[in-house]
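Trainee: this is a predicted model, with the sequence first.
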Amino acid sequence: MSAGRDTVLRLALERFSYSGAEGDTLRDIDLSLAPGSLTVIAGDSGSGKSTLGAVLAGMLPRHGGDELEATLHLAGQEIRHTAGAGPRIDPVGWARQVGMLPQDARHYLSGVRETVEEELALGLENAGVPRARMRERIAALADRLGLHALLPRDPGKLSGGQERLVALAALALDAPPVLVLDEPLAGLDAAAAARVSALVGRLRSASTALVLLTRSRDRLAAGADRVLFLRGGSCHEADTAVAPRTATAANRRPLSHASVLLEFAGVDLGYAASAEPIVAGLDLRLRAGECVALTGPNGSGKTTVLKAAAGLLRPGAGEIVHRTNPGGSVGMLLQNPADQLFERTVHREVAFGLPRRGPEAARVPAVLDALGLAAAADTHPYELPASARRLVALATVLVREPMVLLLDEPTEALDAHGVERLHMALGAVLERGGAVLLASHDEAFMAAAAHRVHRLGAPGGIRA
C-alpha cells in the first residue's frame, strides 16, 4: 500500500481489539484522506466510530494489551503496527499532524488555564508563536465562532455547548493537516452550529482534511466527499442516511386542569460571580402529565433552570414551588453521565442507595429491562458504548420514580435505539401522573416529545 501525492493520511487496518475483548472492534478498513476533503463515518453508538477516530489520532493502541494490525501513511512516513509489537509513537509529533475533538469536549481542554483566552493560547505558546500574532489569531477565530464574550470566562464554568466550541477553536488554532471531529455539533444551539459549519468550510478551503464521526447525517455531512456507515466493525458505503429517530412517547395533550407540580414565579437565577442574573423574571408552570422543553442559545441558562428546579441553586428573586404528592420526588439526569456514574456494575449503579429488599429493590430489574440494559447488568458502566452509558445514568434516576423528571440534553450521545427507549421512558413518567422538564437543542426530539417549548433568550440578563 502506498499513499498518493494527493493523500495526506491513509489507513489500511486489518484488525483492532481492546485488551481482554472477546472479538475485534474494527476490521478490514481502508481510508484515504485528501487535503480539503470531508469524510463522514456514521454509525450507532458502540459501532466503533470513536475507536476508529482514536486510531487515526494515534491514541490507540495503548499499552496494556490492545492489538492493532495496520499500516498508516502519514507525513510522508509509513508506520506499521503488528499485534503485540506496535511501533512507539511520539504523541506530540503525531498530534501536530492529526488532531481529534473527542465526544466529551472537556477532555480536550487542559483544565489548568484560568480563562478561555489563555486556554486557546496554550497550543500557540507551545509552538512558539509570537505574542502579537497569537492575539491576532485568537481574535480572528473568536470573531468567526462568536467567542469574544467567552474569552475572559473560566473554562471550567462553561456550558457543555460552550466547552465544545472552545475545544474546537483550540483545535483549529493548532491547525494540524488532519482533524477528526467526534459529534462536533452535539449540544450546540443553531447559531453556534452554523458558525462551526462555516469554520469547517474554511478549514477545508485551507486544505485541512476532516473526518466527521456522527450518529446521523447533519448539516456538516451534507457537503461530504464520502459517507461511510460503520457496521460490524467495518466501513460500508452509505447511500442513505442513518435510520431516523423513532418517536414513541404519548402525543396526548395534558389536561388544562391537571395539577401544577412545579412553578417558577418571577424567578431570577445566577451565580456569585455574575453581576447580572443569568435568567431573569422566569414564569413557568409544569403540570402533571406534561413534558416541557427548555431551549435557547448556549449559555442562556437552561442548565441553571434545571439546577434550580432540583434544589441545587437558590433563586436571587422570586419563588420556586414544588407541589408534588407526599413522597413525590425530583430526579435529574445530568448532561454528562460521567458526573453521576461511579459503581462497578450497571446493577450496582442503578440500585445504589436503595434498600436491598422490598418494592424499591424490585424496580431495578424492571427499569433495566425497560431501557434495554438487562443484558448489561453485570457490566462496568464504562465498558458500555456512550448511548448505553447515558441510559444507565437515566436508569439511576427513573428507578426512584420521581414525580418531576429533569433532563439536561437527554439525546446527546444517544443512537436511534437509545432515543426510542428515552421516548418510552418519558411516556411512562407522564402516564403515571408525573411531569418532565428537559433542556435541549434537539429540535426533532422536542417536537416529538414535548407538549410545549419554552425558549430562553440570549446569554446575560435573560428576560424569560
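Mentor: Thanks, I have it. Numbers count the residues shown, from 1 in each chain.
Trainee: where in the stretch 51-200 of the chain is pLDDT low?
Mentor: Of all residues in the stretch 51-200 of the chain, those with pLDDT under 70 make up the ranges 84-88.
Trainee: cool, and the stretch 351-464 of the chain?
Mentor: Using pLDDT under 70, the stretch 351-464 of the chain drops low at 458-464.
Trainee: quick one, helices of it?
Mentor: 359-370, 386-398, 416-431, 443-449 (DSSP state H, counting those that start in this stretch).
Trainee: among those, which comes closest to A351?
Mentor: helix 359-370 (4.8 Å; CB to CB). (Glycine included, C-beta is placed from N, CA and C.)
Trainee: buried stuff in the closest one?
Mentor: Going by neighbour count (16 or more other CB atoms under 10 Å), the buried part of helix 359-370 is 363-365, 367-368, 370.
Trainee: now, which of the residues you listed sits nearest G93?
Mentor: For the buried residues of helix 359-370, the nearest to G93 is L368 (45.1 Å; CB to CB).
Trainee: quick check: chain neighbours aside, which residue is closest to that closest one?
Mentor: Once flanking residues are discounted, L368 sits nearest to A374: 4.8 Å by CB to CB, 6 or more residues apart in numbering.
Trainee: I'd guessed H441 sits against D408; true?
Mentor: No: applying CB atoms under 8 Å as the test, H441 and D408 come out as separate, 11.2 Å apart.
Trainee: mind listing the helices in the stretch 51-200 of the chain by residue range?
Mentor: Under DSSP H, counting those that start in this stretch, the stretch 51-200 of the chain gives helices at 91-97, 116-126, 131-145, 160-174, 190-205.
Trainee: need the winner for burial among those helices.
Mentor: helix 160-174 (a mean of 24; mean count of other CB atoms under 10 Å).
Trainee: against which helices or strands is that one packed?
Mentor: In terms of contacts (3 or more CB pairs under 8 Å, 6 or more residues apart in numbering; DSSP states H and E), helix 160-174 is packed against strand 98-101, helix 116-126, helix 131-145, strand 178-182, helix 190-205.
Trainee: name the helices or strands packed onto the second one?
Mentor: Read that as helix 116-126. helix 131-145, helix 160-174.
Trainee: okay if I get those helices as JSON lines plus distance to A209?
Mentor: Shown next, in JSON lines, are the helices and strands packed on helix 116-126 (distance: least, CB to CB, whole Å):
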{"stretch": "helix 131-145", "distance to A209": "19"}
{"stretch": "helix 160-174", "distance to A209": "14"}
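Trainee: check what contacts the strand or helix carrying R15 and list those residues.
Mentor: Per DSSP states H and E: R15 is located in strand 9-17. For strand 9-17, the surrounding residues in contact (CB atoms under 8 Å, 6 or more residues apart in numbering) are 1, 3, 23-33, 51, 55-56, 60-61, 66-74, 83, 97-98, 177-178, 209.
Trainee: what's the burial count for the closest residue to G53 other than its chain neighbours?
Mentor: Leaving out its chain neighbours, the residue that sits closest to G53 by CB to CB, 6+ apart is V180, at 4.4 Å. A count of nearby residues for V180, using other CB atoms under 10 Å, gives 30.
Trainee: so what sits opposite V180 in the bridge?
Mentor: Beta-bridge partners recorded for V180 (DSSP bridges): M100, V211.
Trainee: which residues touch it?
Mentor: Here V180 is in contact with 53, 56-57, 98-101, 210-211, 213 (CB under 8 Å, 6+ apart).
Trainee: how about L210?
Mentor: 37-39, 178-181, 200, 203-204.
Trainee: and stretch 324-344, average pLDDT?
Mentor: What stretch 324-344 shows for mean pLDDT is 85.
Trainee: can you show me the strands along the stretch 201-350 of the chain?
Mentor: Using DSSP state E, counting those that start in this stretch, the strands of the stretch 201-350 of the chain run over 209-214, 226-231, 234-237, 260-269, 279-287, 291-295, 317-322, 330-333.
Trainee: adding distance to R131 as columns, could you present the ones you listed in CSV?
Mentor: Output for these, formatted as CSV (distance: least, CB to CB, whole Å):
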stretch, distance to R131
strand 209-214, 29
strand 226-231, 40
strand 234-237, 44
strand 260-269, 38
strand 279-287, 38
strand 291-295, 40
strand 317-322, 43
strand 330-333, 43
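Trainee: ok, which of those strands comes nearest A425?
Mentor: Nearest of those (CB to CB): strand 330-333, 10.1 Å.
Trainee: now the closest one: buried residues?
Mentor: 330-333.
Trainee: from the residues you listed, pick the one nearest A435.
Mentor: Taking CB to CB as the measure, A435 lies nearest V330 of those, at 10.0 Å.
Trainee: mind listing the residues bridging to that closest one?
Mentor: V404.
Trainee: can you get me the start-to-end distance on stretch 71-82?
Mentor: Start-to-end span of stretch 71-82 (CA to CA, to the nearest Å) is 9 Å.
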